[in-house]
Structures are given as structure tokens and as C-alpha cells.
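> Any chance you can model this:
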Amino acid sequence: MSRSKKLIMVGALCFLLIIYLIYRTNPIPPTLKGFYQSEWVSDVGGTEGKIIQISIWEDGRFVEFITNRQVNRGTLKKIDDMQYYFDGNEADFDIILNSDNSFQIKIPRLNNGEPIELKNVDDIPCTFAAQWDDVEEYKAYLK
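Predicted structure coming up:
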């Protein structure tokens, strides 16, 4: 291999290394969209497990579910770089989006009022078509 070809290869490798280092030091911030879900959390009595789910559309709409029951819906507004305000028909809340595309919310009557972490499980929002006769009971967790 000639000297000029070696210099070109070394230059190309250095260029790729520089691009990689720039990417690693300036990661792309996450986008708040899609379907977020918690692990199982307990209610105030600590007896039943519930899962919190939130679907977020790119046009600023959201729907909140507790164990597949729709309990809240509304719009969200970007407040700051990673901070958002959710204006719901049943409850309002703020979140701060973490770099791993997760966030925490507090629901007064779940998880002893401690923050509940929701992780992004898909970039596509999901809804549940099932009709439940106990939705009002689940909405009460938000109060």
C-alpha cells in the first residue's frame, strides 16, 4: 500500500473518530411522544397493584390511563427545554423529561403519594377500546 493511501485511510479514520466523539458529547435530547408506562404500584391501602399509562401525541394531546381505564385527557405545553405542563380534564400536572425518555408523576392516592416513574415503551401512542364500569373509581385516585 502506498504512503498516500495510508494517509488517506488514517485521515478517514480520524474524521470518523471526531464525528463519533461529537455525537457522544452532544446526545440528541429525547422527544416526549408515544406510550409511557409504569411498573406496578400500590394504592393507598397497599392492597392492589395498578399500572399508570400515558399516551402522548405529537400534536400536544395526551390520555392518561390507570390499569387500562381512561382517567384523564387533555393537552400539554412545553414550559422549558425538558419541562412540560399537562392540562387535563380531571387533573393537571408537571413533568420533567429525563435524558432516558422517562419521567415521574405523583398521583395522590397511589404509591403512597411518592413519585411514579413512567418509561417510554413505544414511540406510537396507544389507547384501550375496552369499556369499564369502574372508571369513576379509578378517576378518584387522581383527587
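
> mind listing what the biggest strand by length in the chain pairs with, with the direction of each?
Longest strand in the chain by number of residues (criterion: DSSP state E): strand 69-78. Based on DSSP bridges, the pairing partners of strand 69-78 within the sheet are strand 61-66 (antiparallel), strand 83-88 (antiparallel).

> what about those strands, which gets the closest to A12?
strand 83-88 (41.6 Å; C-beta to C-beta). (C-beta placed from N, C-alpha, C; glycine too.)

> who's in contact with the closest one?
32, 62, 64, 72-79, 92-97 (C-beta atoms under 8 Å, 6 or more residues apart in numbering).

> what separates the residue nearest to Y141 when sequence neighbours are not counted from T75, distance-wise?
On the basis of C-beta to C-beta, 6 or more residues apart in numbering, the spatially nearest residue to Y141 that is not a chain neighbour turns out to be R109, at 4.4 Å. Separation of R109 from T75 (C-beta to C-beta, to the nearest Å): 24 Å.

> Surely the residue nearest to Y141 and K143 touch.
Yes - the pair R109 and K143 qualifies as a contact (C-beta atoms under 8 Å) at a distance of 7.3 Å.

> which of these two has more neighbours?
Each of R109 and K143 has its neighbours counted (other C-beta atoms under 10 Å); R109 has more, 15 against 9.

> From A91, how far off is that one?
As for R109, its distance to A91 is 11 Å (criterion: C-beta to C-beta).

> Show me where this protein has its strands.
Assigned strands in the chain, in chain order: 34-37, 41-42, 49-50, 52-56, 61-66, 69-78, 83-88, 92-96, 102-105, 116-122 (criterion: DSSP E).

> Make a markdown table out of the ones you listed and add distance to L13.
Below are those laid out as a markdown table (distance: least, C-beta to C-beta, whole Å):
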| stretch | distance to L13 |
| --- | --- |
| strand 34-37 | 37 |
| strand 41-42 | 49 |
| strand 49-50 | 52 |
| strand 52-56 | 41 |
| strand 61-66 | 46 |
| strand 69-78 | 40 |
| strand 83-88 | 41 |
| strand 92-96 | 39 |
| strand 102-105 | 36 |
| strand 116-122 | 35 |
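
> Break this structure into its domains for me.
Here the domain parsing of the chain from automatic domain parsing is 1-29, 34-142.
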